[in-house]
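Predicted structure and sequence below. I'll ask about it afterward.
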Amino acid sequence: MSETKNSRFPIYAAIFTVVFKLLFLLTHYIQEDAFITWRVAQNLLDYGVIGFNGDTKISASTTHLYVFVSYIFNLVFGKEYFIEPLLIFNSILFTTGTLLLSHLLLKSPWHKAIFIFLLGILPPAIKISILGMEYGILFFLEMVLLYYGFYKGKKTVLVLLPVLIMFTRIDTVIFLGIVFLVDLFWNRKIRWNYIFGGILGVLFTLSFNWFYFGELVNNTITAKKLLYEQDFTFSQHLSYFFASFGNFWGMLKVPGNFNPITIIVLLFELVCFVYLIRQKQNRNYFLWMIFIFGWVKQIIFISQKSLFDWYYWVPQLLLFVPVLIFILEQKEKRNVWLSLLIIFYILPMLAFQTVHSIATGNGEWNYRRTIGIFLNQYEKDKNQWILLEPAGYVPYFSGLKTIDEVGLVDKQIQEEIKKDKTNYWINTVKTRKPKYLLSYKNLYDGNNSEYYQTHYKLLKEFRVKDHLKSDYKILEKIYKLKPSGTDYNLYIRLD
């Protein structure tokens, strides 16, 4: 009876972790790109088309599977009420993934329970659970593959899960490839079911892109590559890598390029990993998978100048896993080790994420969202166009047709980028004549100011400083400590 009770501790810990993280819903910190996916889902609901602007097909979201999941939640709960249920669903899936991971790596129910909670309250885990991106589903699918496919040996899982994982994000080919290589090296044989699943995943995703959108890879990838790609020398590439390394490899960002905390934690992760694999246990098979994947994905994405925080959430967590296992399995002074970890790392990181979530939630939900709400009330004709960047909050809450600077949600601007990268913004304005322009800059100063003054009127200024107040003094202090957001000028066309 006692054994049965103990075996339930990991499940209780998972439930408690999900409930604990619900507190972060109060911060309203939702990632900008989540609203791109949700608008695509609502476009599918309204027009029957996977797109962003009415009946025009475009893969404006990087994830296909999450679009369909978001569509179902919109259908069931309605556009007004789907967000919180979907965020809770994401958190449950992610935490279930950590439960499966604990079964792969630990034996003691108590160790599993502590592992689930501590891993679940680290900054990347909170962001995966609460920010509305597809990584909760993705982490869950990846852990299901490892647990049921490679640990339990379920052949159906080995075939089906690579398809779902690839359909969630095409860059998961990195994860699937690392798992294949480690399995091949470890077992000295090929799992043909897994090979078939991988091939099926690639063919299904590319075929869906080709037959529905007329492209092999998602438009989001093409657009970012087109706008952000630059020619660098090897020396410049190296300098850029190390400049980005400090603030994307680790969980904590600090001002400047050098981050000593990242280096210290990285070295400790390496030491713990080496210590664990020297024990020659069966779990080393999975430790090698997650650790190599963490390193490879971080290196690839940093070297490709992918400066979006969410690419690194899962690798950051997986690289920290050996640290938790190392401390939980200490034979002597384990409580001292665990207390030191919690006091000097876990709690400070939780505090940092709490402040960050409150401040950024204010900047996004209480500030940027209000721009969309203002436009929604001001402009009743939802067929009017707005040119802006980014394409999340403002288009979602305004309901206007959107041209974004990068071309994630509108392909036509990509043609202007190809023709004249330097002047593509003003060329788009002259060619497309959008009714609204939302800019970080004062368009009446600098190049092309005469054109803007002739054809556009400043409608409203939006300033971050106007949204740093609160009835609660502690919140106001946090808002002012870490102001989040960008000042905008909104222009309306005169002719």
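Received the coordinates, thanks.

pLDDT below threshold where in the stretch 1-150 of the chain?
Counting by pLDDT under 70, the stretch 1-150 of the chain shows low-confidence ranges at 1-5.

do that again at 80, thanks
1-6 (pLDDT under 80).

And the stretch 201-350 of the chain, by the same measure?
For the stretch 201-350 of the chain (pLDDT under 80), the answer is 228-248, 252-258, 305-307.

can you map out the helices along it?
For the stretch 201-350 of the chain, the helices defined by DSSP state H, counting those that start in this stretch cover 219-228, 234-248, 260-277, 284-303, 313-328, 334-341, 347-361.

could these go into CSV alongside mean neighbour count?
Quick note: C-beta positions are derived from backbone N, CA and C, even for glycine. Output for the helices of the stretch 201-350 of the chain, formatted as CSV (neighbours: other Cβ atoms under 10 Å):
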stretch, mean neighbour count
helix 219-228, 18
helix 234-248, 15
helix 260-277, 16
helix 284-303, 20
helix 313-328, 23
helix 334-341, 13
helix 347-361, 18
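
Make TSV from these and add distance to Glu461 to it.
Output for the helices of the stretch 201-350 of the chain, formatted as TSV (distance: least, Cβ to Cβ, whole Å):
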stretch	distance to Glu461
helix 219-228	27
helix 234-248	31
helix 260-277	38
helix 284-303	36
helix 313-328	34
helix 334-341	47
helix 347-361	22
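
do you know which of those lies nearest Lys21?
helix 347-361 (10.4 Å; Cβ to Cβ).

circling back to that earlier point, between the helices of the stretch 201-350 of the chain, which one is closest to Lys473.
Relative to Lys473, the nearest member of those by Cβ to Cβ is helix 347-361, separated by 13.1 Å.

how about the closest one as CSV, C-alpha atoms only?
In CSV, the C-alpha atoms belonging to helix 347-361 read as follows (Å, rounded to 0.1, in the frame of the first residue of the first chain):
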residue,chain,number,x,y,z
LEU,A,347,14.6,30.6,-6.5
PRO,A,348,16.6,33.5,-8.0
MET,A,349,15.6,32.2,-11.5
LEU,A,350,12.0,31.9,-10.4
ALA,A,351,12.1,35.5,-9.0
PHE,A,352,13.7,36.8,-12.2
GLN,A,353,11.1,35.1,-14.3
THR,A,354,8.3,36.5,-12.1
VAL,A,355,9.6,40.0,-12.5
HIS,A,356,10.2,39.5,-16.2
SER,A,357,6.7,38.1,-16.8
ILE,A,358,5.0,40.9,-14.9
ALA,A,359,7.0,43.6,-16.7
THR,A,360,6.7,42.1,-20.2
GLY,A,361,3.1,41.2,-19.6
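
That one to helix 260-277, inter-axis angle?
130 degrees (axes from the mean of the first three to the mean of the last three Cα atoms, to 10 degrees).

what's the next helix or strand after helix 347-361 packed up against?
Using DSSP states H and E, the next helix or strand after helix 347-361 towards the C-terminus is helix 369-378. Packing contacts for helix 369-378, counted by 3 or more Cβ pairs under 8 Å, 6 or more residues apart in numbering; DSSP states H and E, involve helix 393-398, strand 456-462, strand 488-493.

Mean neighbour count, these: which tops it?
Highest mean neighbour count among the helices and strands packed on helix 369-378 (mean count of other Cβ atoms under 10 Å): helix 393-398, with a mean of 24.
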